[in-house]
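1. please work out how this folds:
(2 chains)
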Amino acid sequence: MVFAATNSLTLPDYVVIVLYLIGTIAMGIVIGARMKTGKEFFLGGRRLPWWAIGMSLVATDIGGTDIIGVGGAAFSHGMAIANFEWIGCVPAMIVGAFVFIPFLYRSGVYTVPEFLERRYNVGVRAVMAACWLVFMACNLGIMLLASAKMMSTVFGWNEVGCMLVTAILVGGYTFVGGLAAVVYTDMIQCGVMIAGCLLILVLGLVEIGGVGELRKRLAEADVREAAIVNEGVSVSNAEADSERTSLILPADTESPFPWPGIYFGLALILSPAYWLGNQAIVQRSLGARSEFEARASYIWGALLKNIIPLIVAVPGLIAVVLLPDLSNGDQAIPSLIGVLLPAGLRGLFVAAFLAALMSSMDSYLNSAATIVSNDFYKRFIDRDVSDERLLKVGRVTTIVLVAWAVLFAFLLATMSEKSGIYAVFQTLMAFFQGPAFAVLLLGVLWRRATGQAAFIALLCGIGTSVSLYALNQPDVYGALGWEPLFRIHEPFLYFSIWAFLVTAAVLVVVSLLGTPEPSGKLRYVFGGHTGDTCSPTDTESSAGPAGRCL
Amino acid sequence: MTPLHHLGELLRAILKTIPLTAIRVLFVASLVALLIWVVRLPKSATEPDGGAKRWDENLKIGAAGALLIQIVIYALL
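-> Have a look, this model is predicted:
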């Protein structure tokens, strides 16, 4: 609340915020008025254009957690956090555009777990669907909490009120308009988000005196900190640690982003797992007008991704210079608003923050509803469900998820005090993203991979990451009389590496010990299909074990 | 100390011996390799059915542009 007094909004601020909200919700309702079937609700009727999907991909990936969390991490750990938006996104998006997305699009599935059933078996589908559902449902709560924290800190608004209003607004237009509403509103939100964050960046650089001055003052800050660490002994610029502005940090850095974690854990495992296997991401490209447009959306998204760290991470460095006495990284961006933005412009940043939050929340809401409807209801409860009935199931699920998100946000508020928001989010993903990617990757590359092996390997991989997490908790390793397994703080990148390796090893060994899969399954391996492609009408139902297309 | 700790110490010791300059080369070389792969992709993978009618319908250009920006960033920062 320290900054609340200096951040009060004026009438023009509220006008900007209200205009943004009205525009977003009106668009969702207009699109939703034409919604008649489940296919329209879950895949936008496969009529979505590449440019809207590309912007939606970026908007979905950058949530309110990122605007606060990435800026906060840049404040605490330096520019290495930008790896998550650069090498942690762009290469995987380009490989996805030319290799994986066309393959998934041609298979005609609604969800990634559905693809895994066609390639492996229903057990793999169920485990993966459950993992994604838990992740998305928890993530919804994290997003709500992040938004409430920021609005409460910066503007002194009531935290509970913020959570409820955000949940109702996002839930409302997602309930009505489905994926099409999500993608088109994301497009607006992407523009608003970039504009708002750019404002902070530009005003911050002007305040400091330019990029050169920023670098100089960051180096001075490094020298000051190094001197404190060395108990007052004078340290020269050359001696001072310059990790603050480097993307590549040594293996023994104290930050959570050493280069082995970034290269092996992020670039090679977590990033492809996210861009090729995350239902919330992949789903919108499955709704593209054509396979070419699905590819184009990923390339457009990769181009846009190049500018994101400049507008969300660099403000964290600006805060190091302008607000050196802050103790908590999560306060960096909210505090910067109070220092930099005059009354009247704060509304634009609030709109940008809401845009980032809403664009991610709506995507996770719609994707979680798609998983519940297609991977659970349609697969296990009513396989002959009509498309109209599935639309109703999707909408009811959306409401239930909104209610859950609010409850989880309250729960999380009592649990996340000792950890940054971003770290909580990343740890959650690292539990199963490595194993999920190993199963997907070997499934499409290796004909000999079997369903039974994939199921066992998936459970072993998830067990590995959860065990590593548990063994790295001070209470646990203290009770065992051990040293911590990892030296860095928040070693989620290392969890994903080991979980990926264990999953891949178990999958290979168990596959080789078992009998090969029948030829029908091999249609879902690269180079193993017959050349037939699915038309949109072929994709109406969950295919049986052998699938109907490809 | 468990076998896991010994394995961790061994890996840590090996990774610490690699100079950061070599790591930077690894990052940039990976991106360059990806760029070469993109440039060599067949037209069927990078253009719509019937071929590109405008320059922006060739996805190679956008993908190569995104990767070139990455290469510059990782070479400098």
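2. isn't residue A:526 right up against residue A:102?
-> No - counting by CB atoms under 8 Å, residue A:526 does not reach residue A:102; the two are 10.8 Å apart. All C-beta atoms are positioned from the backbone trio N, CA, C, and that covers glycine.
3. now stretch A:512-530: buried residues?
-> A:517, A:521, A:522, A:523, A:524, A:525, A:529 (16 or more other CB atoms under 10 Å in any protein chain shown).
4. which one of those residues is nearest to chain B?
-> Closest approach between these and chain B, by CB to the nearest CB: residue A:529, at 15.2 Å.
5. okay, that closest one: pLDDT?
-> Per-residue pLDDT puts residue A:529 at 53.
6. try the one 10 residues further on
-> With respect to pLDDT, residue A:539 scores 38.
7. residue A:344: what secondary structure?
-> Three-state assignment for residue A:344 (DSSP: H, G, I helix; E, B strand; the rest coil): coil.
8. excluding chain neighbours, what is closest to it?
-> residue A:12 (4.4 Å; CB to CB, 6 or more residues apart in numbering or on different chains).
9. can you list the residues of the stretch 51-200 of chain A near chain B?
-> Residues of the stretch 51-200 of chain A lying close to chain B by CB under 8 Å from any CB of the partner chain are A:79, A:86, A:87, A:90, A:91, A:93, A:94, A:95, A:97, A:98, A:102.
10. just for the stretch 251-400 of chain A, where's the confidence low?
-> Nowhere does the stretch 251-400 of chain A drop to pLDDT under 70.
11. interface residues of it facing chain B?
-> The stretch 251-400 of chain A comes close to chain B at residues A:251-252, A:259-260, A:263, A:267, A:290, A:292, A:295-296, A:299-300, A:302-303, A:305-306, as judged by CB under 8 Å from any CB.
12. for those, which one is nearest residue A:215?
-> residue A:306 (20.2 Å; CB to CB).
13. show the contacting residues for the closest one.
-> A:86, A:90, B:66, B:69, B:70, B:73 (CB atoms under 8 Å, 6 or more residues apart in numbering or on different chains).
14. at 6 Å instead, please
-> Neighbour list for residue A:306: residue B:69 [criterion: CB atoms under 6 Å, 6 or more residues apart in numbering or on different chains].
15. show the subsequent helix or strand relative to the helix or strand of chain A with the lowest mean pLDDT.
-> Lowest mean confidence among the helices and strands of chain A (mean pLDDT, DSSP states H and E): helix A:38-43, at a mean of 74. Per DSSP states H and E, the first helix or strand lying C-terminal to helix A:38-43 is helix A:50-61.
16. got the CA coordinates for that next one in CSV?
-> The C-alpha trace of helix A:50-61 is given here as CSV (Å, rounded to 0.1, in the frame of the first residue of the first chain):
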residue,chain,number,x,y,z
TRP,A,50,-3.1,-16.3,-39.1
TRP,A,51,-2.5,-12.6,-38.1
ALA,A,52,-5.1,-12.8,-35.3
ILE,A,53,-3.8,-16.2,-34.1
GLY,A,54,-0.2,-14.9,-34.1
MET,A,55,-1.1,-12.0,-31.9
SER,A,56,-3.2,-14.2,-29.7
LEU,A,57,-0.2,-16.6,-29.2
VAL,A,58,1.9,-13.7,-27.9
ALA,A,59,-0.9,-12.3,-25.8
THR,A,60,-1.7,-15.6,-24.3
ASP,A,61,1.9,-16.3,-23.4
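17. so what touches it?
-> Under the contact criterion CB under 6 Å, 6+ apart, helix A:50-61 has outside partners A:183-184, A:186-187, A:189-190, A:284-285, A:288, A:293, A:296-297, A:300-301, A:304, A:359-360, A:363.
18. and the residue lying closest to residue A:406 once chain neighbours are set aside, how far is that from residue A:148?
-> Nearest non-adjacent residue to residue A:406, counting by CB to CB, 6+ apart: residue A:167, 5.2 Å away. As judged by CB to CB, to the nearest Å, residue A:167 and residue A:148 stand 10 Å apart.
19. and for residue A:218?
-> Distance from residue A:218 to residue A:148, by CB to CB: 31 Å.
20. show me which of the two is the more surrounded one.
-> Set residue A:218 next to residue A:148 and count neighbours by other CB atoms under 10 Å in any protein chain shown: residue A:148 wins out with 25 against 20.
21. helices and strands around whichever helix in chain A runs longest, which ones?
-> Secondary structure of chain A read by DSSP state H shows that its longest helix is helix A:159-208. The helices and strands touching helix A:159-208, judged by 3 or more CB pairs under 6 Å, 6 or more residues apart in numbering or on different chains; DSSP states H and E, are helix A:11-32, helix A:50-61, helix A:122-155, helix A:308-312, helix A:314-322, helix A:346-370, helix A:387-413.
22. what's the angle from the second one to helix A:159-208?
-> Spelled out, it's helix A:50-61. Orientation check (axes from the mean of the first three to the mean of the last three CA atoms, to 10 degrees): helix A:50-61 against helix A:159-208 gives 100 degrees.
23. and the next helix or strand past helix A:50-61?
-> Next element after helix A:50-61 (DSSP H and E): helix A:64-77.
24. ok, residues contacting whatever helix or strand comes next after that next one?
-> Using DSSP H and E, the helix or strand that follows helix A:64-77 in sequence is helix A:90-95. With contact meaning CB under 6 Å, 6+ apart, helix A:90-95 is reached by A:271, A:272, A:275, A:298, A:301, A:302, A:305, B:34, B:63, B:66, B:70.
25. give me the next element, helix or strand, following helix A:90-95.
-> Immediately after helix A:90-95, counting by DSSP H and E, sits helix A:101-107.
26. give the rounded mean pLDDT of that following helix.
-> 86.
27. now for the next helix or strand after that helix, which elements pack on it?
-> Along the chain past helix A:101-107, the next helix or strand (assigned with DSSP H and E) turns out to be helix A:112-119. The helices and strands touching helix A:112-119, judged by 3+ CB pairs under 6 Å, 6+ apart, are helix A:122-155.
28. which strand or helix spans the residue nearest in space to the middle of chain B?
-> A centroid search over chain B (CA atoms, centre = their mean) returns residue B:31, at 2.4 Å, as the residue closest to the centre. If you go by DSSP H and E, residue B:31 is part of helix B:20-39.
29. so what's the backbone phi/psi at the residue lying closest to residue A:208 once chain neighbours are set aside?
-> Spatial nearest neighbour of residue A:208, excluding adjacent residues (CB to CB, 6+ apart): residue A:214 at 5.1 Å. Main-chain dihedrals, residue A:214, degrees, to the nearest 10: phi -60, psi -50.
30. how about residue A:306?
-> phi -60, psi -30.
31. check which residues of the helix or strand of chain B with the lowest mean pLDDT are buried.
-> Least confident helix or strand of chain B, by mean pLDDT, DSSP H and E, is helix B:3-16 with a mean of 82. Under the neighbour-count criterion of 16+ other CB under 10 Å, helix B:3-16 has B:8, B:15 buried.
32. mind listing residues that contact that helix?
-> A:251, A:252, A:260.
33. okay but the residue nearest to the centre of chain B is in contact with residue B:70, surely?
-> Yes - if you go by CB atoms under 6 Å, residue B:31 and residue B:70 touch, sitting 5.1 Å apart.
34. what's the span of stretch A:79-89, first residue to last?
-> End-to-end distance for stretch A:79-89: 16 Å, by CA to CA, to the nearest Å.
35. and that stretch, what's its mean pLDDT?
-> Here the average pLDDT along stretch A:79-89 is 89.
36. do the same with stretch A:478-486
-> Taken as a whole, stretch A:478-486 has a mean pLDDT of 79.
37. run through who's touching that stretch.
-> A:471, A:472, A:477, A:494.
38. run a quick neighbour tally on the first one.
-> In other words, residue A:471. Number of residues near residue A:471 (other CB under 10 Å) recorded here: 16.
39. again, but for the second one
-> Residue A:472 sits with 18 neighbouring residues when counted by other CB under 10 Å.
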